[in-house]
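Undergrad: Here is the input, now give the coordinates:
(one chain, ligands or ions: 2)
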Amino acid sequence: QVVNYAPFTLLPSAVPRALFEQAYAVQQDFNLLVDAISQNKEFLEQTLASTIKVDDFTAQLFRIYMQVLEEGLAQTVFLGINRSDYMFDCGLDGTAALRQIEINTIAASFGGLTSRTADVHGLVLKVLGKTEEASHLLPNNPAKGLALGIAKAWELYGSQRAVVMFLVEEIQRNIFDQRCVENELWSRNIRVIRKRFRDVFEQGSLDASRRLYMDGQEVAVVYYREGYVPQNYDQQNWEARLLLERSRAVKCPDIATQLAGTKKVQQELSRPGTLEKLLPGRPEAIARMRATFAGLYSLDEGEEGDMIAATAIADPDRFVLKPQREGGGNNLYGEELRQVLEKIKDSPERTSYILMDKIKPQPALNYLLRAHSPLQVSECISELGIFGVYVRQGQELVLNQAAGHLLRTKAIEHADGGVAAGVAVLDTPYLV
Ligand code: ADP
Ligand code: MG
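TA: Ligands and ions are numbered 1, 2, ... in the order given. Next up is the predicted model:
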């Protein structure tokens, strides 16, 4: 009922060219890795065993995962759209290093809106008389890249009449971001419908070969922009999720790929030897990925967890404490981290969290433009995201690409939170 502009920085932010290129160069590796994890039942089972004992949400996702595997997968085409996020860690000598914050494997957003930000910042620079600088801004169109992946999956599904279904939230605050991707599909003559879990519960059905129908209309691809936090689910929505997962339709992502994006899996990936087991025979890809990892630590019960918990309680500013949640605003820092860890350090509850080294980027000045907020200069830090898209048919990877980037910038007062959480704003990298 009320439309605002998406928040953005007045000026593009400086990003070291070498780190930007490093982030692009490693994206296909991360696509491969996520895809490999999603097919490795043993790894997911082992890695999430301690987490699902204490985290109900992950446990419920895991139950559906197991149920679908037991029945046997009807889905044969797989589509992954992810976004690997990084910050630029400033070392003692002042040099910056690329450090991965996380990989989002479900509902990774802002690929649409950010396809427009380079134009906005180009215009601002021109108005400021910086025509030369404006010409250096890179073109960027993740919306097109994401649509390319969805279109490929739709084509391989192989039914001209079938539609792509965007699964969207009850109340949509980010509809225009989604429309950018949707419009790319319409321009390729692919029909798109937008439905909620509730609609799936009421209108969804499977035929004998588990083709998915919504009110009689066949669905080829389900693109989730919903379903990644506990608040998205009630009993009916869980039933709808199970129906979708059981179906032959291409889920973006399937439930295994959603689980591959949990913080617990990320922490386990940093353990020596894990990447080698997941991607045998790919030492170069492994080296590229590992070069971006920050320190990550398990809080599972046992000596290793006891030691790191004690270290973090003694020196909380070195760490971030992360639960198995998405969407920003869930992590704990500083004094709050210390208090929470102190309280749960001797209980199994601590295994629902992981610890991560805190990344400390060099701040820069910028203006954050947000509807109804006063204009003031802020000390800011940025987070770079690279979109990845891949499509697999059976065992054959038929598409594996980086699909564009997203730069989000926030004032340093906020330790946490993305654009949707009202903290960060859209930005454009100015490579230096
Ligand atoms: P979410 O799934 O909620 O997006 P993230 O792991 O991306 O979880 O963390 C949310 C935000 O917290 C990030 O966008 C970043 O601003 C901040 N953050 C996360 N991890 C770190 C870290 N290791 N060091 C510094 N800031 C971090
Ligand atoms: Mg994040």
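Undergrad: Do a quick rundown of the helices in the stretch 51-200 of the chain.
TA: 56-71, 114-127, 131-134, 142-157, 175-187, 197-203 (DSSP state H, counting those that start in this stretch).
Undergrad: Tell me which of these is the most buried.
TA: Highest mean neighbour count of those: helix 142-157, a mean of 23 (counted as mean count of other Cβ atoms under 10 Å). Glycine gets a C-beta too; all of them are placed from N, C-alpha and C.
Undergrad: domain assignment for the protein?
TA: 8-294+359-431, 295-358 (the TED database).
Undergrad: Of the helices of the stretch 51-200 of the chain, which is nearest Gly334?
TA: Closest to Gly334 of the helices of the stretch 51-200 of the chain, according to Cβ to Cβ: helix 56-71, at 25.6 Å.
Undergrad: Give me the mean pLDDT for the closest one.
TA: In this model, helix 56-71 has a mean pLDDT of 98.
Undergrad: tell me, how many neighbours does the residue of the stretch 1-150 of the chain found nearest ligand 1 end up with?
TA: When distances are taken as Cβ to the nearest ligand atom, the stretch 1-150 of the chain reaches nearest to ligand 1 at Glu102, 4.1 Å away. Neighbour count of Glu102, defined by other Cβ atoms under 10 Å: 17.
Undergrad: what sits against it?
TA: By Cβ atoms under 8 Å, 6 or more residues apart in numbering, Glu102 lies in contact with 84-85, 261, 263, 266.
Undergrad: among these, which are in reach of ligand 1?
TA: Of the residues in the contacts of Glu102, proximity to ligand 1 by Cβ under 6 Å from any ligand atom holds for Asp85.
Undergrad: Who wins on neighbours among the contacts of Glu102?
TA: That'd be Ser84 among the contacts of Glu102, by other Cβ under 10 Å, with 27 neighbours.
Undergrad: my read: that one touches Asp29, true?
TA: No - in this structure, Ser84 is not within contact of Asp29 by Cβ atoms under 8 Å, at 9.7 Å.
Undergrad: Near ligand 1, which residues of the stretch 251-400 of the chain are found?
TA: Residues of the stretch 251-400 of the chain lying near ligand 1 (Cβ under 6 Å from any ligand atom): 294, 320, 322, 326-328, 330-331, 356-359, 383.
Undergrad: Give me the distance between Ile171 and Gln231.
TA: Applying Cβ to Cβ, to the nearest Å, the value for Ile171 to Gln231 is 11 Å.
Undergrad: These two - which one has more neighbours?
TA: The neighbour count for Ile171 versus Gln231, taken as other Cβ under 10 Å, is higher for Gln231 (10 against 7).
Undergrad: Who are the contact partners of that one?
TA: Counting by Cβ under 8 Å, 6+ apart, Gln231 has no contacts.
Undergrad: go again using 10 Å as the cut-off
TA: 57, 169-170, 327 (Cβ atoms under 10 Å, 6 or more residues apart in numbering).
Undergrad: Apply the buried test to those residues and list what passes.
TA: 57, 169, 327 (16 or more other Cβ atoms under 10 Å).
Undergrad: Now the residue lying closest to the last one once chain neighbours are set aside: phi and psi?
TA: It refers to Gly327. Closest residue to Gly327 apart from its sequence neighbours, by Cβ to Cβ, 6 or more residues apart in numbering: Val229 at 5.4 Å. Per-residue torsions, Val229: phi -130, psi 150 (degrees, to the nearest 10).
Undergrad: Tell me how many other residues surround Val229.
TA: 14.
Undergrad: Make sure it is actually in contact with Pro323.
TA: No - the criterion here is Cβ atoms under 10 Å, and Val229 misses it with Pro323 at 11.2 Å.
Undergrad: shared neighbours of those two, which are they?
TA: Residues touching both Val229 and Pro323 (Cβ under 10 Å, 6+ apart) are 57, 330.
Undergrad: pLDDT weak spots in this protein?
TA: Scanning the chain for pLDDT under 70 picks out 1.
Undergrad: And the residue nearest the centre of the protein?
TA: Asn104 (1.6 Å; Cα atoms, centre = their mean).
Undergrad: what's the nearest residue to that residue if we skip its chain neighbours?
TA: Arg83 (4.7 Å).
Undergrad: okay, now that neighbour: neighbour count?
TA: Around Arg83 there are 26 residues (other Cβ under 10 Å).
Undergrad: mind listing what it touches?
TA: Per Cβ under 10 Å, 6+ apart, neighbours of Arg83: 27, 30, 102-105, 107-111, 142, 146, 261, 385-388, 403-406.
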